[in-house]
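> Just a sequence and a predicted model for now, questions to come.
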Number of protein chains: 2
Amino acid sequence: MARTTIKDIARIAGVSVTTVSRALNDAPEIRPETRERILRICREQGFRINYLARSLVSSRTHVLGVVLPDLSGPFHAALSLHLERYARERGYQILLCCGRPGDDRIDDLFAFLVSQRVDGILLVSASSAAQELLPSRAQGIPSVLLGDVPPEASCRRINAVSTDNYVGGATAAAYLHRLGHRQVLYLGPRRDSVTHALRLQGFLDTAAAWQMEAQVVYNDLGAASSAANGYRLARQMLAGDFPQTAVFAPSDAMALGVLQAADELGVSVPGRLSLLGYDDIEYAALPKIRLSTLAQPTGALARSAVQLLLELVEEDAPPSYTLKLITPRLVERSSCRSLLPAGR
Amino acid sequence: MARTTIKDIARIAGVSVTTVSRALNDAPEIRPETRERILRICREQGFRINYLARSLVSSRTHVLGVVLPDLSGPFHAALSLHLERYARERGYQILLCCGRPGDDRIDDLFAFLVSQRVDGILLVSASSAAQELLPSRAQGIPSVLLGDVPPEASCRRINAVSTDNYVGGATAAAYLHRLGHRQVLYLGPRRDSVTHALRLQGFLDTAAAWQMEAQVVYNDLGAASSAANGYRLARQMLAGDFPQTAVFAPSDAMALGVLQAADELGVSVPGRLSLLGYDDIEYAALPKIRLSTLAQPTGALARSAVQLLLELVEEDAPPSYTLKLITPRLVERSSCRSLLPAGR
DNA sequence: CTGAAAGCGCTTACAG
DNA sequence: CTGAAAGCGCTTACAG
């Protein structure tokens, strides 16, 4: 049973397909009564315009491709939720795909998005491979990176929205210093992550400025800053003796994994070890968890990214590049303890 | 800068567009050398076939519409992750939309999916409104409900995949009885939810069979079984005196909210109150949380749903209806305590 | 204000 | 094995 087309509607209404098309598109050159009559017939017939055909001629799909490493993490889940909302508010639909720069599947993924004729691409990535991927693979489709960019001059010809990771790392170190910690550990940055590198730099610069001793344990286990990887890393670190009194983790999920390992090994948090996360996912606020963390404003990030991408899609301004940095916010809960004498 | 089309490729290769189309579609009637040569040219030119045009003529988009109430809950997030994976394995893409039966936006949403010409629709819903929505609004598009269905004879003409919620509720009651609980509370079922009604029935039937006293507090706060709603409900319940020694919640998220309220009110879990969730979300396993729960196998649910939907899409078998029920599994952790004397 | 005609980028009988 | 032609369901100058 074939679907009703505008041809059917035209026949029933006794007008041409041109006129039906005009009614459907709120064109100004149509008599209001004609339009109403046609729209009524469309309703009666259960007619639904075929977006494939419309997009084929208008060469606009009103679909935005969103590529992110995975959906399982709560940070990415929250982000995609907001992206969908802001896109919809502007009349666009999201086509969600999972893939990460550096992966073999990523090329096919971009080819797929091109074949779908998406109007724009949003790449959510912390990887250093993202910078090269975006201009080369986006193949003339407007695209925005949702993630941090190296501070070099060669990396500024890109459109990106990110939290300010250098400031995030610096804030973490300053906060731990303020609580009296002098030996600190950055547990779990990935080597291929621009985001983590910038946080690390901010963390180390600030620690050095305050004469703290900072150690780094890289995450070479796999691509994700997941609870599982945080757990494994922490099991190794916390099994023996360790001088640090505080741990800074690159994600709350990872911090939760650290918490689990500490729990199993009898290392009290925050008694023996203070723990500071990143992201402020929903579950960081859970009772008995109460993780202190640096909040990434997912809503603001999503809104800025959609906003920037749609500027590129809808306007034909002269070529320009925008880098928007949003400052993370410290959320104090109970997983970091002050080492200073009580009377201050 | 217009994109390369098969016409361009045909001109460069010195063949007709028909031949290019055949090369692209692995048609058998083409000489292998010709095909290789054309594909090479496609690669060189960075040609990407336009799915809009292809779908317009083939009337198959290889896109599946997935409608779910929201993405913020971890259960739905996990589910959509698996749906995407299984669909991709079968060569289909997911178009993810948020909406719930009973909402005003749901009609527009279905109209949108029809306009997108999706090959099939997957509706994730616990609502009793879903049964009527699916056959009437799916408008000739194959569709599957991911959620439970009332046991009436009139509700069997639908394709659905679900966990067996009656058995889930019964298992919960039986487990609490086994631990020695005699006064139990089912906190938070929604009145419009088939899922919750079936769980409740299983819970009450079993409780009655074991002569337990079971009370029910409905969630009239809003549509979601979220942590926030669980918290609000529990604040009211746990503030005064209450005779129950165990609470069964319709979702882990909700149970986590209950936990938070209990924590604030000084009600020890599981000391004073045992707590049993549903879903087995990732964060139920967190240290210090360790929520006992009934696991819904999201992977199996997703796989069955995609499998069933694609049967309807790809085969033209005689009309048939399938209802697949998957049995939930009890996961014992530390949030439920035995009231029985230790020596058994 | 309305319509006939061309065209968007493909696929698919049909003829050779 | 290859190609000319019709057509998928729309939009958009262009002419009236």
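Done, it's in.
> now the strands for chain A?
A:63-68, A:93-98, A:120-124, A:143-146, A:160-163, A:183-187, A:213-217, A:246-248, A:274-279, A:292-295, A:323-326, A:329-331 (DSSP state E).
> and residue A:186, bridged to which residues?
Beta bridges link residue A:186 to residue A:216, residue A:248, judged by DSSP bridges.
> Return the most buried member of the strands of chain A.
strand A:246-248 (a mean of 30; mean count of other C-beta atoms under 10 Å in any protein chain shown). Where you see a C-beta, it was placed from the backbone N, CA and C, and this is true even at glycine.
> Which part of the stretch 101-250 of chain A gets nearest to DNA strand D, residue-wise?
In the stretch 101-250 of chain A, the residue found nearest to DNA strand D is residue A:117; the distance is 12.9 Å by C-beta to the nearest atom of the strand.
> how is chain A carved up into domains?
For chain A, automatic domain parsing gives the domain ranges A:6-49, A:63-163+A:298-329, A:165-294.
> Just put those domains in JSON lines and tack on distance to residue B:305 and mean pLDDT.
Shown next, in JSON lines, are the domains of chain A (distance: least, C-beta to C-beta, whole Å; pLDDT from 0 to 100):
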{"stretch": "domain A:6-49", "distance to residue B:305": "24", "mean pLDDT": "92"}
{"stretch": "domain A:63-163+A:298-329", "distance to residue B:305": "17", "mean pLDDT": "86"}
{"stretch": "domain A:165-294", "distance to residue B:305": "26", "mean pLDDT": "91"}
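> Identify whichever of those lies nearest to residue A:57.
domain A:6-49 (10.1 Å; C-beta to C-beta).
> returning to that earlier point: now the phi/psi pair for the residue lying closest to the residue of the stretch 101-250 of chain A closest to DNA strand D once chain neighbours are set aside, please.
For residue A:117, ignoring the flanking residues on the chain, the nearest one in space by C-beta to C-beta, 6 or more residues apart in numbering or on different chains is residue A:61 at 5.2 Å. Dihedral angles of residue A:61 (phi, psi; degrees, to the nearest 10) stand at phi -100, psi -20.
> hang on, residue A:61 packs against residue A:118?
Yes - Residue A:61 is within contact range of residue A:118, at 6.2 Å (criterion: C-beta atoms under 8 Å).
> List the contacts of stretch A:206-220.
Residues from elsewhere that reach stretch A:206-220 (C-beta atoms under 8 Å, 6 or more residues apart in numbering or on different chains): A:169-170, A:173-174, A:176-177, A:181-191, A:200, A:203-204, A:225, A:229, A:233, A:237, A:243-244, A:250, A:254.
> and if you look at stretch A:293-300?
Contacts for stretch A:293-300 (C-beta under 8 Å, 6+ apart): A:75, A:78-79, A:82, A:163, A:168, A:171-172, A:252, A:255, A:276-280, A:284, A:326, A:328-331, A:333.
> For DNA strand C, which of the domains of chain A is the nearest?
Closest of the domains of chain A to DNA strand C is domain A:6-49, at 3.3 Å (criterion: C-beta to the nearest atom of the strand).
> contacting residues around the nearest residue to residue A:167 once chain neighbours are set aside?
Closest residue to residue A:167 in three dimensions, ignoring its sequence neighbours and counting by C-beta to C-beta, 6+ apart: residue A:327, at 5.8 Å. Contacts here follow C-beta under 8 Å, 6+ apart; on that basis residue A:327 touches A:163-164, A:167.
> distance of residue A:260 from residue A:275?
The gap separating residue A:260 from residue A:275 is 11 Å, by C-beta to C-beta, to the nearest Å.
> same deal with residue A:261?
Residue A:261 is 11 Å from residue A:275, by C-beta to C-beta.
> again with residue A:200
Counting by C-beta to C-beta, the gap from residue A:200 to residue A:275 is 17 Å.
> which residues touch whichever residue of the stretch 101-250 of chain A sits closest to chain B?
Taking C-beta to the nearest C-beta, chain B has its nearest neighbour within the stretch 101-250 of chain A at residue A:114, 4.3 Å off. Residue A:114 is in contact with A:139, A:141, B:48, counting by C-beta under 8 Å, 6+ apart.
> repeat for residue A:231
Going by C-beta under 8 Å, 6+ apart, residue A:231 touches A:257-258, A:260-261.
> Can you report how many residues lie near the closest residue to it other than its chain neighbours?
Leaving aside its sequence neighbours, residue A:231 sits nearest to residue A:257 (C-beta to C-beta, 6+ apart; 3.6 Å). As a burial measure, residue A:257 scores 27 neighbours (other C-beta atoms under 10 Å in any protein chain shown).
> Next up, the contacts around residue A:257.
Listed by C-beta under 8 Å, 6+ apart, the contact set of residue A:257 reads A:226-234.
> Mind checking which of the residues you listed are buried?
A:226-227, A:229-234 (16 or more other C-beta atoms under 10 Å in any protein chain shown).
> Return the closest of these with respect to residue B:95.
Among these, residue A:226 lies closest to residue B:95 (C-beta to C-beta), at 27.0 Å.
> Name the nearest residue to that closest one, ignoring sequence neighbours.
Per C-beta to C-beta, 6+ apart, closest to residue A:226 is residue A:253, 5.4 Å.
> And the residue of the stretch 51-200 of chain A closest to DNA strand D?
Residue nearest to DNA strand D within the stretch 51-200 of chain A: residue A:53 (3.3 Å; C-beta to the nearest atom of the strand).
> Number of residues surrounding that residue?
Residue A:53: 16 neighbours (other C-beta under 10 Å).
> Next: the one 5 residues further on.
Residue A:58 has 11 neighbours, counted by other C-beta under 10 Å.
> Tell me how far it lies from residue B:157.
40 Å.
> Endpoints of stretch A:239-247, how far apart?
15 Å (C-alpha to C-alpha, to the nearest Å).
> touching chain B at all, it?
No - on the criterion C-beta under 8 Å from any C-beta of the partner chain, stretch A:239-247 is out of touch with chain B, staying 15.1 Å away.
> Over to stretch A:20-29?
No - interface with chain B: stretch A:20-29 contributes nothing (C-beta under 8 Å from any C-beta), its closest point being 11.0 Å away.
> okay, how far is it across that stretch, tip to tip?
First-to-last residue span, stretch A:20-29, C-alpha to C-alpha: 12 Å.
> Just give me how far it sits from the chain centre.
In terms of C-alpha atoms, centre = their mean, to the nearest Å, the centre of stretch A:20-29 is found 38 Å from the chain centre.
> Same question for stretch A:67-76.
Worked out by C-alpha atoms, centre = their mean, stretch A:67-76 lies 8 Å from the chain centre.
> hmm, back to that, take the contacts of residue A:257 and lay them out in JSON lines including distance to residue B:44.
Shown next, in JSON lines, are the contacts of residue A:257 (distance: C-beta to C-beta, whole Å):
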{"residue": "A:226", "distance to residue B:44": "40"}
{"residue": "A:227", "distance to residue B:44": "46"}
{"residue": "A:228", "distance to residue B:44": "43"}
{"residue": "A:229", "distance to residue B:44": "41"}
{"residue": "A:230", "distance to residue B:44": "46"}
{"residue": "A:231", "distance to residue B:44": "48"}
{"residue": "A:232", "distance to residue B:44": "45"}
{"residue": "A:233", "distance to residue B:44": "46"}
{"residue": "A:234", "distance to residue B:44": "50"}
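> Which two of those have the greatest separation?
Greatest spatial distance among those (C-beta to C-beta): A:226 and A:234, at 12.4 Å.
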